[in-house]
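Undergrad: Got a sequence here, can you model it:
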Amino acid sequence: MTTRLSTAAATVFLCGALLTHCTGGQESKAAEEQAPKKNGIPQATTAPPATPQIDPKATLKSISPAIPIYAGARYRDDLTRRDSVMIRNQYGPNAEVYTLATDDSFPQVYHYYTTYLAQFRAFPAQSPYPAPQTWRTLEVQLNQAMQDPFIPGDMLKPGDKQITLQVAETEAEPKTVIRYVITPQPIATSELKAPKPAPAPNAFDRE
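TA: Numbers count the residues shown, from 1 in each chain. Predicted coordinates:
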């Protein structure tokens with residue numbers, strides 16, 4: 001009888017030792033078990049870099065605070081990207097362009113720029129309003145036009161980056177497109193010229 005009890009006790013002890021060895025000396029609980037990791041593609045934890053905001057007004061003012069900017073115009077990134085191809089083909093690969101647009105009429109925008117530039121003796125006298133015609137454009141090389149002001153103040157230095165202003169009337173919305181073309185060298189000779197028409201109408205994509 002004693003032998004049977006000893007054998008039973010030894011069996012219980014052996015089973016307990018095996019269970020303790022398998023669980024590392026701790027009881028196993030279903031809640032502590034971890035689900036197997038999925039072999040999926042790890043998700044990116046960082047957000048993609050934000051596209052830098054373009055501020056053409058700050059860029060132009062950094063060249064010269066005297067550069068006129070029509071208050072009612074807003075920068076259009078889509079028009080700028082579209083115009084960049086045309087401008088680089090026309091003025092070279094180093095040319096930059098910033099395109100602004102406004103729903104104000106071409107005569108309003110024309111009046112602002114010609115009135116502002118009239119304070120410079122180098123800008124030939126212009127009618128404050130454009131001649132009535134079906135398609136109206138204006139192009140001014142600001143470095144050459146903004147010289148010798150009647151009122152002492154800032155003027156655009158001839159040796160700085162060259163800024164060409166282009167204003168064009170459209171047949172739809174927006175009504176008027178304003179371009180600032182920036183080139184490292186003068187687009188034409190230093191001889192002062194009257195404002196000339198911008199490129200042919202078909203060069204401006206109409207809205």
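Undergrad: Could you use CA atoms for every contact and neighbour count after this?
TA: Noted.
Undergrad: So the closest residue to Lys157 other than its chain neighbours versus Val167, what's the distance?
TA: Residue nearest to Lys157 in three dimensions, not counting chain neighbours: Asn143, with 6.3 Å by C-alpha to C-alpha, 6 or more residues apart in numbering. According to C-alpha to C-alpha, to the nearest Å, Asn143 stands 16 Å off from Val167.
Undergrad: same thing with Pro174?
TA: Counting by C-alpha to C-alpha - Pro174 and Val167 are separated by 12 Å.
Undergrad: Have a look at these two and say which one is more surrounded.
TA: Val167 (24 against 17; other C-alpha atoms under 10 Å).
Undergrad: picking that back up, any idea how far the residue nearest to Lys157 lies from Leu165?
TA: Remark: distance between Asn143 and Leu165 (C-alpha to C-alpha) = 10 Å.
Undergrad: before we move on, the earlier item: and the residue nearest to Lys157, how many residues sit next to it?
TA: Neighbour count for Asn143, taken as other C-alpha under 10 Å: 22.
Undergrad: name the element it belongs to?
TA: helix 142-145 (DSSP states H and E).
Undergrad: Repeat that for Gln108.
TA: Per DSSP H and E: helix 106-117 holds Gln108.
Undergrad: Let me see the mean pLDDT of the helix holding Asn143.
TA: Here helix 142-145 scores 93 as its mean pLDDT.
Undergrad: Tell me which other helices or strands it touches.
TA: strand 162-169 (3 or more C-alpha pairs under 8 Å, 6 or more residues apart in numbering; DSSP states H and E).
Undergrad: Could you look up the next helix or strand downstream of the strand it packs on?
TA: Past strand 162-169, the next helix or strand by DSSP H and E is strand 176-183.
Undergrad: For this protein, give me the ranges with low pLDDT.
TA: 1-52, 158-160, 186-207 (pLDDT under 70).
Undergrad: how does it look with 80?
TA: For the chain, the stretches flagged by pLDDT under 80 are 1-53, 133-134, 152-155, 157-160, 185-207.
Undergrad: distance of Ile151 from Tyr116?
TA: In terms of C-alpha to C-alpha, Ile151 sits 11 Å off from Tyr116.
Undergrad: what about the two, which has more around it?
TA: Here Ile151 and Tyr116 are compared on neighbour count by other C-alpha under 10 Å; more neighbours surround Tyr116, at 13 against 8.
Undergrad: so the residue nearest to Lys157 makes contact with Ile163?
TA: Yes. Applying C-alpha atoms under 8 Å, one finds Asn143 in contact with Ile163, separated by 6.3 Å.
Undergrad: For Ile67, the count of nearby residues, please.
TA: 21.
Undergrad: Report the contact partners of it.
TA: By C-alpha atoms under 8 Å, 6 or more residues apart in numbering, the residues touching Ile67 are Leu60, Lys61, Leu142, Leu156.
Undergrad: where's it relative to Phe120, distance?
TA: Taking C-alpha to C-alpha, one finds Ile67 at 12 Å from Phe120.
Undergrad: and if you look at Val97?
TA: Counting by C-alpha to C-alpha - Val97 and Phe120 are separated by 24 Å.
Undergrad: what about these two, which has more around it?
TA: Set side by side, Val97 and Phe120 show more neighbours around Val97, with 24 against 19, by other C-alpha under 10 Å.
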